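> show me how the following folds:
(2 chains)
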2 protein chains.
Amino acid sequence: MEKLKILFVISLLLLLSPPVFAQRKSVDLIIQGGSVVTMDAKKRLILNGAIAVNKDKIVAVGTVNEIVQKFSSRQTINANGKVVIPGLINTHTHIPMTLFRGIADDLDLQEWLTKFIFPAEAKNVTEDFVRAGTRLGLAEMIRGGTTTYCDMYYFEDAIADETAKAGVRGVLGETIIDFPVPDNKTHEEAMRYAERFINKWKNNSLIVPALAPHAPYTVSTEHLQNIKKLSDKLNAAVVIHVAETQAEVDDISKRYNARPVEYLNKIGFLNNKTIAAHVIFANENEINILKTRGVGVAHNPQSNMKLASGVAPIPQMLKTNLPVGLGTDGAASNNDLNLWEEMDTAAKLHKIFAKDPKVVSAEEAFEMATIRGARALHLENLIGSIETGKRADIVIVDFDNLHQTPFYNVYSNLVYATKANDVRTVIINGKVVMLDRRLLTLDENVIKRTANAYRQKIISSLSNQ
Amino acid sequence: MEKLKILFVISLLLLLSPPVFAQRKSVDLIIQGGSVVTMDAKKRLILNGAIAVNKDKIVAVGTVNEIVQKFSSRQTINANGKVVIPGLINTHTHIPMTLFRGIADDLDLQEWLTKFIFPAEAKNVTEDFVRAGTRLGLAEMIRGGTTTYCDMYYFEDAIADETAKAGVRGVLGETIIDFPVPDNKTHEEAMRYAERFINKWKNNSLIVPALAPHAPYTVSTEHLQNIKKLSDKLNAAVVIHVAETQAEVDDISKRYNARPVEYLNKIGFLNNKTIAAHVIFANENEINILKTRGVGVAHNPQSNMKLASGVAPIPQMLKTNLPVGLGTDGAASNNDLNLWEEMDTAAKLHKIFAKDPKVVSAEEAFEMATIRGARALHLENLIGSIETGKRADIVIVDFDNLHQTPFYNVYSNLVYATKANDVRTVIINGKVVMLDRRLLTLDENVIKRTANAYRQKIISSLSNQ
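This is a model prediction of the structure:
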């Protein structure tokens, strides 16, 4: 009798409970409230939106009502009054060089490189230096809402290790160059390092290991072709500086009777795994080559301005629908890893340079820092937008600070008014790495202390030169 | 006997006490510790420095030891580990337009003005609007370490009132233009308003009231000459837009058979009370005219880029030692009031435009935002550097945030790495207006609420047009 009573009550409860809750699927995380800027194909903007995340993936995107009817979650992050955007993508860095921030400025590229950067690197770059600089750069990038970066440096295996530990996504390329560098002394040594490095990381969920031949003028044709072969064999991305200065164009034209992009095309180097940084000097024919080959381009407006390298033909590249992303380049020539400033500068630089205030709109600039940047890194299936099935790289941004008030258009406010410091919470691969401006995977004070110790070392190494 | 004993003890104490303390002068405020970037004639950088402030003035600058031996103070602000700089000077704003931040972007100047700004102004600009926009702009500027700004708008008397109440320094010019505007309908009305306005504020310790004829193409020769006469009579500064677009150069050349600066010179308009904004189109002869007449120039790199107006010949102006300051212009064409970004952009823009990475160094950019900006406003005797006798406009800036770490050169770190958000404490005219990022003279929440109410009003006014 007593049992029957209990069964009756349970049945009644089940019948009375809203059917929606009975069907709710449990997920790891729901981000709830706020305006979701999806950057999907329709550029959907969802007011009072929500995102369900399970493990490393976005499993649903919709309004709060839609999501809470279908999902319950172990963790909920309230984004009311905020803007929720795809994690920003920095398509070109030399992350350990963050330790050289401001070491020398306002100099010719050659003077800057030969008198300061190369000596400083020769005397200071060790695996430990690389780890310290990487942690410093990662912390700065997370604080600014960058969730993926594309790097080229030495000891890239150590960079991958620090990046994975910090929970950040990276396309990480081991530098290959035709002179001895801190980690590898010959081309063969570098190729062996690169192959080992790629095999070690290729199945990691955060790290995309890559090959990074420095530039057409510092790596021979034969070596570039070796690298291409290894990339084909391992199915690995290739990061390379291309057409950064007029001097390079002159040099390559003289040596190979072709401009840099034409030359790389001629030797069969370019394909849909290539990520070309800078590409300042590219004519119409070269833009078409890049498009045909499926090459991604990393545009670095502030670094190009500071080194007076030139202005890349971005409006033309966008017209051709090239996959162009934004990059900061190394902090030594910027002097920060701040993609908000790159968006703002890209929009303004191309307006003044093209004498046309309509080119590179705020929306196009934001696109370059998100979905178009993902395409530049050949990762558009994984990242760059807030869509079901993509990795959960999501950033929550304040939208009501003084310098953002009032606001009339979401892209305008993101690109022209929002600053890195307005980023509140950062989720990468489904894991919260910054919550309400508190870093969860890195220790800021230890990072600063270590960086300042390196500063002393670097200063004495340069004064003793 | 008892009396003698007491006298003896007092004499003994006086004899034994360190003579320095017996002579210490009491002042209102000492800022103590940190690196003081003076921007004085010798560009002194004082490590572990201190500044004694009494009433509105700096009474001494030196090392901590020097200052504490000579002064005691009612209030002490600890600046250890920080950098102490002269308050930044924004030489060109339309402060109430902060309410139009991002109202329309990525448009031609004419389309932007005629389709959005002029209709929005016609339908919304009242004295109350001006007050709300001014408070919003003042709060943003204080947060970013700006202590003086030079403005041009309507209802400038209300702007002066809000500015003085907030404790900010302003060169404030009432707009005079040859068509009816929200506060004055005729030239004569505007001239009467301006004279009353100047007489009312001329003895205020924070406000420098000024005349602001809009531009050579919107104010007739006769009216410009009236304004010049009134400026002579009242000894008042004159703020004017000059040579902002190629269209203006063409128009003025056609009308007056002279380029804008030449024309203004020919009609006797230019002197050492003139503050000319933009001056994008100035040839060598015109730069020499500006120099000879003692005209100050307000350079607005980000606004000029965003509207694709052109690039002012700043390297040439600096070579001629012209008094050039930096300005943000109105937030509707920027979209912020952030001088840190203007410094960074100025240094980078002129490098790429001149194809020379050595022009506009970090130090020169910082100079334009401080002492050279003071010269541009004809206030170099009062502000722009930390020197004995000058007004106490002093800003304390964090120097150890992640994005500023490590640092090698103070000017480089200020211009290329420091952000508005790194500003901690702001003192204007000897009064603390922001302490540890807390605004003391303005209520941020009320300001934001009012701004958002205006946002709604502005949106409906435009959708009903």
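
> how much space between A:Pro301 and chain B?
9 Å (CB to the nearest CB, to the nearest Å). C-betas here are computed from N, CA, C, even on glycine.

> now A:Thr221
Per CB to the nearest CB, A:Thr221 is found 30 Å from chain B.

> repeat for A:Glu156
In this view, A:Glu156 and chain B are 22 Å apart by CB to the nearest CB.

> and the gap between the closest residue to that residue other than its chain neighbours and A:Asp157?
Taking CB to CB, 6 or more residues apart in numbering or on different chains, and ignoring the residues beside it in sequence, A:Glu156 has A:Glu174 as its nearest neighbour in space, at 4.0 Å. Using CB to CB, to the nearest Å, A:Glu174 is found at 7 Å from A:Asp157.

> is A:Ser461 in contact with A:Thr126, as I believe?
No. Between A:Ser461 and A:Thr126 there is no contact, the gap being 11.7 Å when judged by CB atoms under 8 Å.

> quick one on the thing from earlier: find residues that contact each of A:Glu174 and A:Asp157.
Residues touching both A:Glu174 and A:Asp157 by CB atoms under 8 Å, 6 or more residues apart in numbering or on different chains: A:Tyr193, A:Phe197.

> who has more neighbours out of those two?
Set side by side, A:Glu174 and A:Asp157 show more neighbours around A:Glu174, with 29 against 21, by other CB atoms under 10 Å in any protein chain shown.

> now do the phi/psi pair for that one.
phi -80, psi 130 (degrees, to the nearest 10).

> so who does it touch?
Taking CB under 8 Å, 6+ apart, we find A:Glu174 in contact with A:Tyr154, A:Glu156, A:Asp157, A:Ala190, A:Tyr193, A:Ala194, A:Phe197, A:Pro209, A:Ala210, A:Leu211, A:Ala212.

> filter these to the buried ones?
A:Tyr154, A:Glu156, A:Asp157, A:Ala190, A:Tyr193, A:Ala194, A:Phe197, A:Pro209, A:Ala210, A:Leu211, A:Ala212 (16 or more other CB atoms under 10 Å in any protein chain shown).

> find the nearest non-adjacent residue to the third one, please.
By the measure of CB to CB, 6+ apart, the closest residue to A:Asp157 outside its immediate chain neighbours is A:Phe197, 5.0 Å from it.

> distance of that neighbour relative to A:His94?
Going from A:Phe197 to A:His94 by CB to CB gives 17 Å.

> and what of A:Gly170?
Counting by CB to CB, the gap from A:Gly170 to A:His94 is 13 Å.

> hey, what's in contact with both of those two?
Jointly contacting A:Gly170 and A:His94 under the rule CB under 8 Å, 6+ apart are A:Asp151.

> distance of the residue nearest to A:Glu156 relative to A:Val130?
Applying CB to CB, the value for A:Glu174 to A:Val130 is 11 Å.

> overlap of the contact sets of these two?
A:Tyr154.

> A:Arg372 sits in which helix or strand?
Taking DSSP states H and E as the criterion, A:Arg372 maps to helix A:371-376.

> would you confirm that the residue nearest to A:Asp157 contacts A:Ile159?
No. A:Phe197 is beyond contact range of A:Ile159, at 9.9 Å (criterion: CB under 8 Å).

> comparing A:Gly170 and A:His94, which residue is more hemmed in?
A:Gly170 (31 against 24).

> surely that one is within a strand?
Yes. In this structure, A:Gly170 lies within a strand as judged by DSSP: H, G, I helix; E, B strand; the rest coil.

> show me what contacts it?
A:Thr148, A:Tyr149, A:Cys150, A:Asp151, A:Ile159, A:Ala160, A:Thr163, A:Leu206, A:Ile207, A:Val208.

> same thing with A:Asp183?
A:Asp183 makes contact with A:Glu127, A:Tyr154, A:Phe155, A:Ala190, A:Tyr193, according to CB under 8 Å, 6+ apart.

> turn those residues into CSV, columns for secondary structure, distance to B:Ser35 and pLDDT.
Below are these laid out as CSV (DSSP: H, G, I helix; E, B strand; the rest coil; distance: CB to CB, whole Å; pLDDT from 0 to 100):
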residue, secondary structure, distance to B:Ser35, pLDDT
A:Glu127, helix, 33, 98
A:Tyr154, coil, 34, 97
A:Phe155, coil, 34, 98
A:Ala190, helix, 43, 97
A:Tyr193, helix, 43, 98
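
> report the contact partners of A:Lys25.
Contacts of A:Lys25 by CB under 8 Å, 6+ apart are A:Lys70, A:Phe71, A:Ser72.

> again with A:Ala132
Shown in contact with A:Ala132 (CB under 8 Å, 6+ apart): A:Pro96, A:Leu99, A:Ile447, A:Thr450, A:Ala451, A:Tyr454.

> any idea how far B:Ile458 is from the nearest residue to the first one once chain neighbours are set aside?
So that's A:Pro96. Nearest non-adjacent residue to A:Pro96, counting by CB to CB, 6+ apart: A:Gly133, 3.2 Å away. Remark: distance between A:Gly133 and B:Ile458 (CB to CB) = 47 Å.

> do A:Val410 as well
With distances taken as CB to CB, A:Val410 is found 17 Å from B:Ile458.

> what segments of the stretch 151-300 of chain A are helices?
With helices called from DSSP state H, counting those that start in this stretch, the stretch 151-300 of chain A shows them at A:156-166, A:187-201, A:221-234, A:246-256, A:260-266, A:284-293.

> contact partners for the residue nearest to A:Pro96?
With contact taken as CB under 8 Å, 6+ apart, A:Gly133 is in contact with A:Ile95, A:Pro96, A:Met97, A:Thr98, A:Leu99, A:Ala451, A:Tyr454.

> what angle sits between the helix or strand hosting it and helix A:156-166?
Assigned by DSSP H and E, A:Gly133 belongs to helix A:127-143. Using axes from the mean of the first three to the mean of the last three CA atoms, to 10 degrees, the inter-axis angle of helix A:127-143 relative to helix A:156-166 is 40 degrees.

> tell me the buried residues in helix A:127-143?
Neighbour-count burial for helix A:127-143 [16+ other CB under 10 Å]: A:127, A:129-143.

> how is chain A carved up into domains?
As assigned by automatic domain parsing, chain A contains the domains A:18-85+A:390-439, A:88-376.

> out of these, deepest packed?
Among those, domain A:88-376 has the highest mean neighbour count (mean count of other CB atoms under 10 Å in any protein chain shown), at a mean of 22.

> gap between that one and the chain center?
Relative to its chain's centre, domain A:88-376 lies at 11 Å (CA atoms, centre = their mean, to the nearest Å).

> give me every residue that touches A:Asn409.
For A:Asn409, the contacting residues are A:Ala362, B:Gly102, B:Asp105, by CB under 8 Å, 6+ apart.

> A:Thr320 now?
A:Thr320 touches A:Ile287, A:Asn288, A:Lys291, counting by CB under 8 Å, 6+ apart.

> how close does the closest residue to the second one other than its chain neighbours get to chain B?
Here the nearest residue to A:Asn288 in space, its sequence neighbours aside, is A:Thr320; by CB to CB, 6+ apart that works out to 7.1 Å. Per CB to the nearest CB, A:Thr320 is found 20 Å from chain B.

> try A:Arg293
Distance, A:Arg293 to chain B, using CB to the nearest CB: 28 Å.
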